[in-house]
Every structure is written in structure tokens, then in C-alpha cells.
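Asks: Predicted model, plus sequence, below.
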Amino acid sequence: MPQIAPYEFGGHVEAAAFLKDRPVFALADGTIRFPAGGETVLETHEGGLLTARLDPFAPRLISGGEDGRLVTTEPDGRQVELASIGRKWITSVAGGPQGNVGFASGRNAYVVSGKGRLREFAHPRTVEDLAFAPKGLRFASARYDGASLFFPETDAGPQQLEWKGAHTGVMFSPDGRFLVTIMQENALHGWRLEDGKHMRMTGYPAKVKSWSWSAKARFLATSGAPAAILWPFTGRDGPMGKPPLELGTRGDTMVVCVACHPSDDVVAIGYQDGMVMAARFGDAKEALLRRPGGSPVSAMAWDKAGRFLAFGTEGGEAGVIDIA
């Protein structure tokens, strides 16, 4: 068994990340924790934290909560409030290029520029999620009946991508060719952005709650089944007409969290019963990283080098696994 440095937080872990090799955990109680080397607890969001994500463009954690504050946390623990919208809940956050940060609250999406300018983008229905494109300043919002694409530095209207149903999560492929959404039903939907062609990814017995792109964007790993489901995105048509990989299949519990290794064809798989496993794409070889027991895995993240895996659970159990 790999070595685990265990932590106990006593509350739901919303996000796990590494900031310049320091493990950091965001908790639903509104705190952000740096547990290694003597725990540092940052009281960040009054009333509770609702969302937290690592900024893919900068070494910082972005969080929002019930207090209507958008906050970044740096590797040294320094925090900066980027925006405050009163007592409105911030339910989704995303980091973008050039220091831009996006967030969603109710029927509005917002973008705070790297220079501090706040722009608001109204929607007719609730904004469920948002994400920035990997290149160029463009962001997408997930909404009822589809997704919208915005260029926040212009006054141009959004490009609308329509598909009936509630879309609750959104993400660009790392190469910028595809946009994929999580649906309220047990499915994913996608669009090829060059021409708007639709992609349907169905067959899940449960709702997808976690997803992760593999190295070089070859696969999109997802939860929502008794195995990690990995859709191939290597060709022009993405996963259409191709069966997904199924890794880490178990007959007695569901996959609830996935995290692809930053450089190798390996995915970390978190289960409903608290177990964590790693599985290799090529031969489906498995390695047990954490035994079952405790509450469902709610967050996982690799460090940049791919040696350490941080995890957290709904019950507050957490840790850092050394796979070397």
C-alpha cells in the first residue's frame, strides 16, 4: 500500500488541490486548510463555502460562498477578495487567462479582469456553471437547454449552443475543440465548436458529478457508474461511434470522483465507500491507494509532478497519498 498522510477535518471537503506543492483543502464550513507542517486554518466564507477550484492559469485557489465574496488563496496563505456581491450566493467559479476570474450567481455570470474590472452577463435562467477556453478570452456558461459562449472583452452577443434539458456543468477540452456539459439526466452532451456538431454520451446509471481530462486530452474520465468511464477524444468526431474505456469496475459501489494523472495514462478513482484506486489505461492494471471505509470521496487532485494525490471525503476524512 502507498503511504498516506491522513487528516481529519470533520466536515465535507469541497475541493482538494496543490499550490506550489502545498496540499490545500476547501471545506463546506467556509474554511480553507493547509494541513501539512502544522495546520493553517483560513476562515474564508461566512455562512459556508459553496464552490472552490484551482486556477489552471495561476497558482491560486478560487472560492465563492454564501457571503457573496469571490476570494483567491495563494500558496503562502495570503487571500485576496476580488469581488463582493452582497448576500447573493456564488455557486461556481473559474480561472481564466490574463488573470481573469469568472463566477456565477443566480441568473448572472460575472468576469473580473486581471485589472479588477467587473463585468456582468445576464441570463434568462440560472447559470449553473462556467468555464474559460484554454486559449483566447472566451468563456462558456451552462444553463437550461444548453450553453452560451461569451467574449467578455467585447459587446458582442453570446453564441448559443442549444440542447433540451438542464445542463449543470461545463468544460472545454484542453485543445479548445470541444465543449462538454454535464446534464441533470444521467448523460453528458457535447459540441464540436468548429461546426456545432452534437455529441451524446449516455448510458450512465447515475448522474455524473466528477470529470477530468487525461494528459494530452486523449480521454475524458467521468464518474456516474460502477467503473470510471473514459470517453475517447482523439479524433475529429470526439467520442462519437467509439466505446468508452471502463476502468476500476466494482460490483458493490459507485465511482463518485475521478482525477487523471498529469502526465501518465493513469486515472485515480474515488468510490462511494471511500476507497481510492489508480488504474492504467493501456492494460487496466489497478493499484489500491486507500482501502474502503468512511464516507464517499468528494475531491481528488494530483500534484504537478504526479507523485502525490490529495483526497477528501464528504465526512471530512482527507489525506495525501505518496504513490512513489
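Replies: Everything's here; your move.
Asks: List the beta-bridge partners for the closest residue to Phe219 other than its chain neighbours.
Replies: Nearest in space to Phe219, with sequence neighbours left out and distances taken as C-beta to C-beta, 6 or more residues apart in numbering, is Leu230 at 4.2 Å. In short, each C-beta sits where N, CA and C put it, glycine included. Per DSSP bridges, the residues bridged to Leu230 are Ala221, Leu245.
Asks: Is it correct that Leu230 is in contact with Leu245?
Replies: Yes - with contact taken as C-beta atoms under 8 Å, Leu230 and Leu245 are classed as touching, separated by 4.0 Å.
Asks: In contact with the residue nearest to Phe219, which residues?
Replies: With C-beta atoms under 8 Å, 6 or more residues apart in numbering as the criterion, the residues that contact Leu230 are Ser214, Phe219, Leu220, Ala221, Thr222, Pro244, Leu245, Glu246, Leu247, Val267, Phe281.
Asks: cutoff 7 Å now
Replies: Contact criterion C-beta atoms under 7 Å, 6 or more residues apart in numbering gives Phe219, Leu220, Ala221, Pro244, Leu245, Leu247, Val267 as the residues in contact with Leu230.
Asks: so what's it scoring on pLDDT?
Replies: According to the predicted model, the pLDDT of Leu230 comes to 98.
Asks: And Glu39, by the same measure?
Replies: Looking at Glu39, its pLDDT reads 91.
Asks: Ala156 now?
Replies: At Ala156 the predicted local confidence, pLDDT, stands at 86.
Asks: So it versus Val297, what's the distance?
Replies: Distance of Ala156 to Val297, computed by C-beta to C-beta, to the nearest Å: 41 Å.
Asks: Looking at the two, which one has more neighbours?
Replies: Neighbours were counted for Ala156 and for Val297 using other C-beta atoms under 10 Å; Val297 has more, 31 against 9.
Asks: thinking the more buried one is in contact with Thr313, fair?
Replies: Yes - in this structure, Val297 sits in contact with Thr313. The criterion is C-beta atoms under 7 Å, and the distance is 5.5 Å.
Asks: Now list whatever residues contact both of the two.
Replies: Counting by C-beta under 7 Å, 6+ apart, the contacts common to Val297 and Thr313 are Gly274.
Asks: Name all residues that make contact with Val256.
Replies: Taking C-beta under 7 Å, 6+ apart, one finds Lys209, Ser210, Ser223, Gly270, Tyr271, Gln272, Pro296, Val297 in contact with Val256.
Asks: for the chain, which strand is longest?
Replies: Assignment by DSSP state E gives strand 159-172 as the longest strand of the chain.
Asks: Report the rounded mean pLDDT for that one.
Replies: Averaged over strand 159-172, pLDDT sits at 97.
Asks: Show me what whatever helix or strand comes next after it is packed against.
Replies: Past strand 159-172, further along toward the C-terminus, the next helix or strand under DSSP states H and E is strand 178-183. Counting contacts by 3 or more C-beta pairs under 7 Å, 6 or more residues apart in numbering; DSSP states H and E, the secondary-structure elements packed against strand 178-183 are strand 139-150, strand 159-172, strand 188-192.
Asks: now do 10 Å
Replies: Strand 178-183 sits against strand 129-132, strand 139-150, strand 159-172, strand 188-192, strand 197-201, strand 211-213, strand 219-222, with contacts defined as 3 or more C-beta pairs under 10 Å, 6 or more residues apart in numbering; DSSP states H and E.
Asks: Including mean neighbour count, could those strands go into CSV?
Replies: Written out in CSV, the entries for the helices and strands packed on strand 178-183 read as follows (neighbours: other C-beta atoms under 10 Å):
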stretch, mean neighbour count
strand 129-132, 26
strand 139-150, 22
strand 159-172, 18
strand 188-192, 23
strand 197-201, 16
strand 211-213, 20
strand 219-222, 25
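Asks: Include distance to His45 when you put these into a markdown table, please.
Replies: Rendered in a markdown table, the data for those read as follows (distance: least, C-beta to C-beta, whole Å):
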| stretch | distance to His45 |
| --- | --- |
| strand 129-132 | 19 |
| strand 139-150 | 22 |
| strand 159-172 | 21 |
| strand 188-192 | 30 |
| strand 197-201 | 33 |
| strand 211-213 | 25 |
| strand 219-222 | 28 |
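Asks: Does Ala227 touch Leu245 like I think?
Replies: Yes - using C-beta atoms under 10 Å, Ala227 is in contact with Leu245, at 8.7 Å.
Asks: Which neighbours do the two have in common?
Replies: Common neighbours of Ala227 and Leu245, using C-beta atoms under 10 Å, 6 or more residues apart in numbering, are Ala279, Ala284.
Asks: Could you pull up the residues touching the nearest residue to Trp211 once chain neighbours are set aside?
Replies: Of all residues not flanking Trp211 in the chain, Thr222 sits nearest, at 4.7 Å (C-beta to C-beta, 6+ apart). With contacts defined as C-beta under 10 Å, 6+ apart, the neighbours of Thr222 are 180, 182, 188, 201, 204, 208-212, 228-231, 244, 255, 258.
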